[in-house]
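K.L.:
Here is a sequence together with a model predicted from it:
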Amino acid sequence: MVGWGDIVNEKIGQYWGRVKQYWNKYSKKTKITLIAAAVFMILTVGIISYNLSKTEYSTAFTNLQPNAAADIKAYLDQEKIPYKLSADGKSIGVPTAQVAEVKIAVESKGLNKGGNVGYGIFDQSGSFGTTDNQFEMQKLNAMQGELQQLINSNQAIANSKVLINIPEQGVFLSKNEEKASASVVLEVKQGYTLDQNQIDTIYNLVSHSVKNLPLDNITIADQYGQYMVPSKADGSPQGSTRVANQFQVKKQFESDMQRNIVNLLAPMYGQNKVVVNVVSTMNFDQKKTKEQLVSAPNQDEQKGLEISVQELQKSASSDGATAGGVAGSGANDVPGYESTSNSGNSKSEENQKTVNYEVNRITNDIIRAPYVVKDLNITVAIDTKSVNGNPGKIENAELLENAMKGIVKTALADSGVEYEQADIDKKVTIIPKELQSPSSTTASNLNNYLLYGGIGLAALALIAGTVFALRRRKKNLLEEEEEYITNGQQQVEYPTIDIENVTNDNQVRKQLETLAKKKPEEFVNLLRTWLVDE
């Protein structure tokens, strides 16, 4: 008896034999192509399936405080929302499709406050049974929390800590009222910096939020202990702001000069054939000078304008003088002596003229330029090959060099230093060089894209060619079978096995091998018949 398992194994053997027979028809090259295509398709399907099946996470919360992160994590666990927690515990990611929903839910529950409790604490708890000291402490904590929330709203600040000191009010009024003070520590995010305007804004927020708190009583520092100074502390820009402004002026000056030189040389040597580098040194010391000048309106006579004239004339005459008075009785006479007496004619005149002149009075308050160019170096590179095909030579090189020297000399005119011509010559450099065109880089990138695209198209073409070859081969086989059947060709008869007339075992074995190779189906049926007979 033949069991069901034997029949199944026999069927599997038949199918496997057909597959091997069909596979052996192809050449080695075709087999390698088919295997590569199959592996490629399996990998592609696997990658696509993996990407479609995995959950994509997006960051919903960053720079969280430990207590806020713990509250949000507890909420996500309660709602059974999958999440990813960063290694430092400050960022939480949720599925991309649920980011907006989770953010709204967390904010509505007030879980992302980071421990900064504002004035909302008075809505959550009543003041019944609270002493004055407790109420003042809650009010101070609420004020500090509100300030922290205001400061944390800045994109560059991850977290902040505010400490306010409000003096106690005395029983009696005092003329010298104590002022409040505040200290702020800022945790600036990695990669961010606070400019002077942002620092001033934080100072003003703190100063205007607390009664009787001047800027001088506020101290702000970052997480590294670096003190941040307000620009209004002494009425002038401080530290980083002044340096940033000076750097911006220097950069703008060099950029403008570089652009002007390129615009000058481009028409002569061609667009994108000139490269200019400008390096300058500037002095930003400001000088204020006050001049008081006096000059005559009438430059020819060097006289001023007469605004008032006063003339006084006096004349006196007498015919003689007689002795008078008691001797020694005058006011200036010595007692006991007789006074002298004058006789004869006398005449006197006195002329006095006073003229007030008006002159030009000029007062000049001179403030020099905010910067002076102390040194300037210009380097110009010319693409000589593209100009005349002769590398190493520049057309009108002497004219170009003189023009650059003139620019340097003009820029250094106000430097206060007298430069010799040899010094000016050292500040200009002309370089003849074959420059790489910007289009070459673009062409290189384009070639890379074309290469990658060609590889992809070749892979697609290989797969398509393989499929087409298989279909064509199958179609040809079907056509050959139909033609064979249509033409009525007789099948080749293979020798049958005559066991009764065969005396040699080798002949039986050879006939069985021949039958198995030429007609495998009949060979299987023969074996089945033998098994049934036995």
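P.N.:
It's in. Numbers count the residues shown, from 1 in each chain.

K.L.:
quick one: stretch 409-423 to chain centroid distance?
P.N.:
38 Å (Cα atoms, centre = their mean, to the nearest Å).

K.L.:
ugh, wrong one, I meant stretch 413-425
P.N.:
Centroid separation for stretch 413-425 versus its chain: 39 Å, with Cα atoms, centre = their mean.

K.L.:
same question for that stretch, mean pLDDT?
P.N.:
Summarised as a single mean, pLDDT over stretch 413-425 is 85.

K.L.:
Help me confirm that residue 394 is found in a strand?
P.N.:
No. Remark: residue 394 does not belong to a strand; assigned using DSSP: H, G, I helix; E, B strand; the rest coil, it is coil.

K.L.:
Hmm, it is touching residue 384, no?
P.N.:
Yes. The pair residue 394 and residue 384 passes the contact test of Cβ atoms under 8 Å, sitting 5.8 Å apart. Backbone N, C-alpha and C define where each C-beta goes, glycine included.

K.L.:
hey, what's in contact with both of the two?
P.N.:
residue 432 (Cβ atoms under 8 Å, 6 or more residues apart in numbering).

K.L.:
Of all the residues in stretch 402-410, which ones are buried?
P.N.:
Under the neighbour-count criterion of 16 or more other Cβ atoms under 10 Å, stretch 402-410 has 404-405, 407-409 buried.

K.L.:
What is the burial count for residue 33?
P.N.:
The burial count assigned to residue 33 is 17, neighbours taken as other Cβ atoms under 10 Å.

K.L.:
now the closest residue to residue 397 other than its chain neighbours, what's its secondary structure?
P.N.:
Computed as Cβ to Cβ, 6 or more residues apart in numbering, the closest residue to residue 397 that is not its neighbour in sequence is residue 430, at 6.4 Å. On the three-state scheme (three-state DSSP), residue 430 is labelled strand.

K.L.:
Please tell me how far residue 430 sits from residue 257.
P.N.:
As defined by Cβ to Cβ, to the nearest Å, residue 430 lies at a distance of 16 Å from residue 257.

K.L.:
more crowded one of the two?
P.N.:
The residue with more neighbours, out of residue 430 and residue 257 and counting by other Cβ under 10 Å, is residue 257; that gives 19 against 15.

K.L.:
next structured bit after the host helix or strand of that one?
P.N.:
Under the criterion DSSP states H and E, the helix or strand holding residue 257 is helix 239-269. Proceeding N to C from helix 239-269, the next assigned helix or strand is strand 274-283, under DSSP H and E.

K.L.:
In the stretch 301-450 of the chain, what residue spans correspond to strands?
P.N.:
Listed from the start of the chain, the stretch 301-450 of the chain has strands (DSSP state E, counting those that start in this stretch) covering 305-318, 346-358, 360-367, 372-383, 428-433.

K.L.:
which residues touch the residue nearest to residue 305 when sequence neighbours are not counted?
P.N.:
The spatially closest residue to residue 305, leaving aside those adjacent along the chain, is residue 358, at 4.4 Å (Cβ to Cβ, 6+ apart). Listed by Cβ under 8 Å, 6+ apart, the contact set of residue 358 reads 297, 304-307.

K.L.:
rerun that using 6 Å as the cut-off
P.N.:
Under the criterion of Cβ atoms under 6 Å, 6 or more residues apart in numbering, the neighbours of residue 358 are 304-305, 307.

K.L.:
same thing with residue 279?
P.N.:
With contacts taken as Cβ under 6 Å, 6+ apart, residue 279 has the following neighbours: residue 377.

K.L.:
re earlier: looking at the buried residues of stretch 402-410, which are in helices?
P.N.:
404-405, 407-409 (DSSP state H).

K.L.:
which pair in those spans the largest distance?
P.N.:
404 and 409 (9.8 Å; Cβ to Cβ).

K.L.:
Much appreciated, bye for now.
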